[in-house]
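model the structure of this input:
(one chain, ligands or ions: 1)
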Amino acid sequence: MDTQDSASSNQASEHTLAILSFHKIGEPSPNGWETWFYIPEATFVGYLSYLQENNWHVIDLTTFVRGLTRPEILPKRSALLTFDDGYQSMLTSTLPLLLKFGYPAVLFVPTDFIGGRNSFDADCEPDEAICDWDELRELERWGVSVQPHGASHQRFSELSLAQQEEELHHSKDSLEAGLKKHIEVFCYPYGDDGGNPQVITQMLQRLGYQAACLYGGDPISLSIDQKAIANPYHLPRLAMGPDTDLKAVLEPEVTASAVS
Ligand SMILES: [Zn+2]
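Numbers count the residues shown, from 1 in each chain. Have a look, this model is predicted:
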(Lines give C-alpha, C1' and ligand atoms only; values in the text may rest on other atoms or scores of the structure.)
Protein backbone atom coordinates (compact mmCIF):
# COMPACT_ATOMS: atom_id res chain seq x y z
CA MET A 1 0.00 0.00 0.00
CA ASP A 2 2.73 2.42 0.99
CA THR A 3 4.81 1.39 -1.98
CA GLN A 4 1.91 1.91 -4.38
CA ASP A 5 1.13 5.30 -2.88
CA SER A 6 4.68 6.57 -3.21
CA ALA A 7 4.95 5.04 -6.68
CA SER A 8 1.94 6.93 -7.96
CA SER A 9 2.98 10.19 -6.28
CA ASN A 10 6.49 9.81 -7.75
CA GLN A 11 5.09 9.31 -11.23
CA ALA A 12 2.93 12.43 -10.93
CA SER A 13 5.68 14.65 -9.54
CA GLU A 14 8.18 16.62 -11.59
CA HIS A 15 10.96 16.52 -9.07
CA THR A 16 12.08 14.28 -6.24
CA LEU A 17 14.32 15.29 -3.36
CA ALA A 18 15.75 12.36 -1.43
CA ILE A 19 17.59 13.16 1.80
CA LEU A 20 19.73 10.15 2.69
CA SER A 21 20.75 9.69 6.31
CA PHE A 22 23.94 7.80 7.21
CA HIS A 23 25.91 7.40 10.43
CA LYS A 24 29.17 5.43 10.06
CA ILE A 25 30.94 4.19 6.92
CA GLY A 26 33.56 1.47 7.39
CA GLU A 27 34.35 -1.02 10.13
CA PRO A 28 33.83 -0.57 13.90
CA SER A 29 36.97 0.35 15.87
CA PRO A 30 39.03 -2.65 17.17
CA ASN A 31 37.17 -3.08 20.48
CA GLY A 32 33.77 -2.38 18.95
CA TRP A 33 31.11 -4.52 17.30
CA GLU A 34 28.94 -4.36 14.21
CA THR A 35 25.61 -2.54 14.43
CA TRP A 36 23.12 -1.52 11.74
CA PHE A 37 24.60 1.98 11.81
CA TYR A 38 27.89 0.82 10.25
CA ILE A 39 27.87 0.51 6.47
CA PRO A 40 30.81 -1.32 4.82
CA GLU A 41 32.76 0.88 2.40
CA ALA A 42 31.91 -1.39 -0.55
CA THR A 43 28.19 -1.10 0.20
CA PHE A 44 28.46 2.68 0.49
CA VAL A 45 30.29 2.83 -2.85
CA GLY A 46 27.41 0.75 -4.27
CA TYR A 47 24.93 3.40 -3.09
CA LEU A 48 26.97 6.25 -4.58
CA SER A 49 27.38 4.33 -7.86
CA TYR A 50 23.64 3.74 -8.00
CA LEU A 51 22.99 7.49 -7.65
CA GLN A 52 25.58 8.30 -10.30
CA GLU A 53 24.35 5.71 -12.81
CA ASN A 54 20.68 6.62 -12.44
CA ASN A 55 20.85 10.37 -12.94
CA TRP A 56 20.49 11.32 -9.30
CA HIS A 57 22.23 14.67 -8.74
CA VAL A 58 23.90 14.96 -5.36
CA ILE A 59 23.34 18.57 -4.32
CA ASP A 60 25.23 20.66 -1.78
CA LEU A 61 23.76 22.43 1.23
CA THR A 62 23.53 25.80 -0.53
CA THR A 63 21.50 24.36 -3.41
CA PHE A 64 19.34 22.47 -0.92
CA VAL A 65 18.56 25.62 1.09
CA ARG A 66 17.79 27.60 -2.09
CA GLY A 67 15.56 24.79 -3.28
CA LEU A 68 13.44 24.99 -0.12
CA THR A 69 11.74 28.13 -1.43
CA ARG A 70 12.45 27.60 -5.14
CA PRO A 71 11.96 23.88 -5.76
CA GLU A 72 12.09 24.48 -9.53
CA ILE A 73 15.87 25.06 -9.35
CA LEU A 74 16.46 21.54 -8.03
CA PRO A 75 17.53 18.85 -10.51
CA LYS A 76 14.70 16.44 -11.35
CA ARG A 77 16.30 13.79 -9.18
CA SER A 78 18.08 15.48 -6.28
CA ALA A 79 19.81 13.70 -3.43
CA LEU A 80 21.28 15.27 -0.29
CA LEU A 81 23.78 13.05 1.55
CA THR A 82 23.66 13.61 5.32
CA PHE A 83 25.71 12.00 8.09
CA ASP A 84 24.81 12.15 11.78
CA ASP A 85 26.93 12.51 14.91
CA GLY A 86 30.30 13.59 13.48
CA TYR A 87 32.24 10.34 13.77
CA GLN A 88 35.94 10.57 12.96
CA SER A 89 35.37 7.92 10.27
CA MET A 90 33.73 10.75 8.31
CA LEU A 91 37.24 12.03 7.61
CA THR A 92 39.09 8.72 7.36
CA SER A 93 36.59 6.50 5.50
CA THR A 94 33.76 8.59 4.09
CA LEU A 95 35.44 11.70 2.71
CA PRO A 96 37.86 9.83 0.38
CA LEU A 97 34.89 8.00 -1.15
CA LEU A 98 32.82 11.17 -1.51
CA LEU A 99 35.77 12.84 -3.21
CA LYS A 100 36.11 9.97 -5.70
CA PHE A 101 32.57 10.70 -6.84
CA GLY A 102 32.91 14.47 -6.46
CA TYR A 103 29.93 14.51 -4.09
CA PRO A 104 29.26 17.15 -1.43
CA ALA A 105 27.64 16.19 1.89
CA VAL A 106 26.26 17.49 5.17
CA LEU A 107 27.49 16.45 8.61
CA PHE A 108 25.28 16.98 11.68
CA VAL A 109 27.32 17.25 14.90
CA PRO A 110 26.22 17.41 18.57
CA THR A 111 28.41 20.32 19.58
CA ASP A 112 29.10 19.34 23.23
CA PHE A 113 30.93 16.25 21.92
CA ILE A 114 33.25 17.87 19.37
CA GLY A 115 36.71 16.37 19.98
CA GLY A 116 35.22 13.79 22.38
CA ARG A 117 33.57 10.38 22.23
CA ASN A 118 30.01 9.25 21.40
CA SER A 119 29.03 8.77 25.07
CA PHE A 120 25.47 9.91 24.23
CA ASP A 121 24.99 6.46 22.59
CA ALA A 122 26.98 4.50 25.22
CA ASP A 123 24.11 2.09 25.92
CA CYS A 124 23.70 0.95 22.31
CA GLU A 125 26.65 1.80 20.05
CA PRO A 126 30.40 1.02 20.32
CA ASP A 127 32.72 3.72 21.63
CA GLU A 128 33.98 5.92 18.77
CA ALA A 129 35.79 9.24 18.43
CA ILE A 130 33.94 12.36 17.32
CA CYS A 131 35.74 14.85 15.06
CA ASP A 132 37.57 17.73 16.72
CA TRP A 133 37.45 21.32 15.44
CA ASP A 134 40.42 20.93 13.09
CA GLU A 135 38.85 17.83 11.58
CA LEU A 136 35.52 19.61 11.10
CA ARG A 137 37.32 22.49 9.36
CA GLU A 138 39.12 19.98 7.14
CA LEU A 139 35.79 18.39 6.18
CA GLU A 140 34.36 21.83 5.40
CA ARG A 141 37.31 22.54 3.09
CA TRP A 142 36.47 19.41 1.08
CA GLY A 143 32.77 20.13 0.61
CA VAL A 144 31.18 18.68 3.74
CA SER A 145 28.95 21.31 5.33
CA VAL A 146 28.91 20.94 9.13
CA GLN A 147 25.54 21.75 10.75
CA PRO A 148 24.15 21.28 14.30
CA HIS A 149 22.61 18.12 15.75
CA GLY A 150 21.84 19.75 19.12
CA ALA A 151 24.43 20.38 21.79
CA SER A 152 23.92 17.50 24.25
CA HIS A 153 22.30 15.03 21.80
CA GLN A 154 19.23 14.54 24.01
CA ARG A 155 15.73 13.65 22.86
CA PHE A 156 13.70 16.85 22.64
CA SER A 157 10.64 15.12 24.10
CA GLU A 158 12.63 14.69 27.33
CA LEU A 159 13.49 18.41 27.51
CA SER A 160 11.49 21.47 28.55
CA LEU A 161 10.74 24.08 25.88
CA ALA A 162 13.41 26.33 27.41
CA GLN A 163 15.95 23.51 27.20
CA GLN A 164 14.99 22.78 23.59
CA GLU A 165 15.55 26.42 22.71
CA GLU A 166 18.89 26.36 24.49
CA GLU A 167 19.94 23.30 22.42
CA LEU A 168 18.99 25.06 19.17
CA HIS A 169 20.64 28.30 20.20
CA HIS A 170 23.82 26.98 21.77
CA SER A 171 24.67 24.47 19.02
CA LYS A 172 24.17 27.11 16.31
CA ASP A 173 26.29 29.70 18.13
CA SER A 174 29.02 27.20 18.81
CA LEU A 175 29.40 26.13 15.15
CA GLU A 176 29.13 29.69 13.88
CA ALA A 177 31.96 30.75 16.20
CA GLY A 178 34.12 27.68 15.58
CA LEU A 179 33.69 27.47 11.81
CA LYS A 180 33.14 31.18 11.08
CA LYS A 181 30.10 30.63 8.91
CA HIS A 182 26.34 31.01 8.94
CA ILE A 183 24.35 27.99 10.18
CA GLU A 184 21.10 27.14 8.39
CA VAL A 185 19.90 23.59 8.98
CA PHE A 186 19.19 21.70 12.21
CA CYS A 187 18.93 17.94 12.75
CA TYR A 188 16.85 16.63 15.69
CA PRO A 189 18.75 14.03 17.78
CA TYR A 190 17.00 10.65 17.28
CA GLY A 191 14.64 12.45 14.89
CA ASP A 192 12.67 13.58 17.98
CA ASP A 193 11.20 17.07 17.51
CA GLY A 194 9.70 17.22 21.02
CA GLY A 195 6.14 16.48 19.93
CA ASN A 196 4.96 20.04 19.37
CA PRO A 197 5.70 20.81 15.71
CA GLN A 198 4.30 24.35 15.68
CA VAL A 199 6.25 25.47 18.71
CA ILE A 200 9.56 24.02 17.51
CA THR A 201 9.02 25.50 14.04
CA GLN A 202 8.56 28.97 15.56
CA MET A 203 11.69 28.55 17.67
CA LEU A 204 13.76 27.44 14.67
CA GLN A 205 12.48 30.36 12.58
CA ARG A 206 13.19 32.85 15.35
CA LEU A 207 16.77 31.59 15.65
CA GLY A 208 17.38 31.91 11.91
CA TYR A 209 17.25 28.28 10.83
CA GLN A 210 15.95 27.57 7.32
CA ALA A 211 15.17 23.87 7.79
CA ALA A 212 15.32 20.90 10.16
CA CYS A 213 15.64 17.17 9.50
CA LEU A 214 13.87 14.21 11.06
CA TYR A 215 15.14 10.61 10.92
CA GLY A 216 13.32 8.13 8.71
CA GLY A 217 10.79 8.65 5.95
CA ASP A 218 10.46 8.66 2.18
CA PRO A 219 11.79 10.83 -0.65
CA ILE A 220 10.00 14.19 -1.01
CA SER A 221 7.90 14.56 -4.18
CA LEU A 222 7.66 18.05 -5.64
CA SER A 223 5.32 19.29 -8.35
CA ILE A 224 6.61 21.77 -10.91
CA ASP A 225 4.31 24.59 -9.78
CA GLN A 226 5.08 24.13 -6.09
CA LYS A 227 6.16 27.42 -4.50
CA ALA A 228 8.11 25.91 -1.62
CA ILE A 229 8.89 22.62 0.04
CA ALA A 230 6.17 21.83 2.59
CA ASN A 231 7.16 21.55 6.26
CA PRO A 232 10.83 22.55 5.89
CA TYR A 233 11.29 22.16 9.64
CA HIS A 234 10.17 18.52 9.53
CA LEU A 235 11.97 17.04 6.57
CA PRO A 236 11.92 13.23 6.26
CA ARG A 237 15.21 11.43 5.63
CA LEU A 238 15.78 7.90 4.35
CA ALA A 239 17.40 5.90 7.16
CA MET A 240 20.33 4.19 5.42
CA GLY A 241 21.80 0.91 6.70
CA PRO A 242 23.88 -1.91 5.19
CA ASP A 243 20.75 -3.75 3.96
CA THR A 244 18.87 -0.79 2.47
CA ASP A 245 17.55 -1.44 -1.06
CA LEU A 246 18.19 2.05 -2.42
CA LYS A 247 16.68 1.30 -5.82
CA ALA A 248 13.43 0.07 -4.23
CA VAL A 249 13.25 3.17 -2.03
CA LEU A 250 14.05 5.74 -4.72
CA GLU A 251 12.23 4.20 -7.65
CA PRO A 252 9.43 2.04 -6.22
CA GLU A 253 7.40 2.11 -9.46
CA VAL A 254 10.29 0.58 -11.44
CA THR A 255 10.91 -2.11 -8.83
CA ALA A 256 7.17 -2.89 -8.52
CA SER A 257 6.73 -3.41 -12.27
CA ALA A 258 9.95 -5.43 -12.49
CA VAL A 259 8.69 -8.02 -10.00
CA SER A 260 5.08 -8.22 -11.23
ZN1 LIG B 1 22.50 11.46 16.42
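
any residues of the stretch 101-250 of the chain in contact with the ion? List them.
residue 189 (Cβ under 5 Å from the ion). Yep, even glycine has a C-beta here, placed from its N, CA and C like the rest.

in the stretch 101-250 of the chain, which residue sits closest to the ion?
Using Cβ to the ion, the closest approach of the stretch 101-250 of the chain to the ion is made by residue 189 at 5.0 Å.

quick one, grab the pLDDT at that residue.
For residue 189, the pLDDT comes out at 98.

swap in residue 2?
pLDDT, residue 2: 42.

could I get the full set of helices for the stretch 101-250 of the chain?
Here the stretch 101-250 of the chain has its helices, by DSSP state H, counting those that start in this stretch, at 133-141, 161-179, 197-206, 246-250.

who's in contact with the last one?
Around helix 246-250, the neighbours that count as contacts under Cβ atoms under 8 Å, 6 or more residues apart in numbering are 16, 18, 47, 50-51, 54, 56, 77, 218-219, 238, 240, 254-255.

for these, which one is nearest residue 35?
residue 240 (13.4 Å; Cβ to Cβ).

how far away is the closest one from residue 135?
According to Cβ to Cβ, to the nearest Å, residue 240 stands 22 Å off from residue 135.

again with residue 116
For residue 116, the distance to residue 135 - Cβ to Cβ - is 12 Å.

do the same with residue 75
Counting by Cβ to Cβ - residue 75 and residue 135 are separated by 30 Å.

who's more crowded, these two?
Looking at residue 75 and residue 135 with other Cβ atoms under 10 Å, you find the greater number of neighbours at residue 135, namely 20 against 16.

next, the spatially most central residue of the chain: secondary structure please.
For the chain, the residue nearest the mean C-alpha position is residue 82 (3.1 Å; Cα atoms, centre = their mean). Of the three states, residue 82 takes strand according to DSSP: H, G, I helix; E, B strand; the rest coil.

now do the same contact list for it.
Residue 82 is in contact with 19-22, 105-108, 187, 213, 237, counting by Cβ under 8 Å, 6+ apart.

nearest to residue 231 among these?
Once Cβ to Cβ is applied, the member of the contacts of residue 82 that ends up nearest residue 231 is residue 213, at 11.1 Å.

neighbours of that closest one, how many?
Counted with other Cβ under 10 Å, residue 213 comes out at 26.

that one touches residue 185, doesn't it?
Yes: at 6.9 Å, residue 213 and residue 185 qualify as touching, with contact defined as Cβ atoms under 8 Å.

show me the shaky parts of the stretch 151-260 of the chain.
254-260 (pLDDT under 70).

repeat that for 90
Scanning the stretch 151-260 of the chain for pLDDT under 90 picks out 222-227, 251-260.
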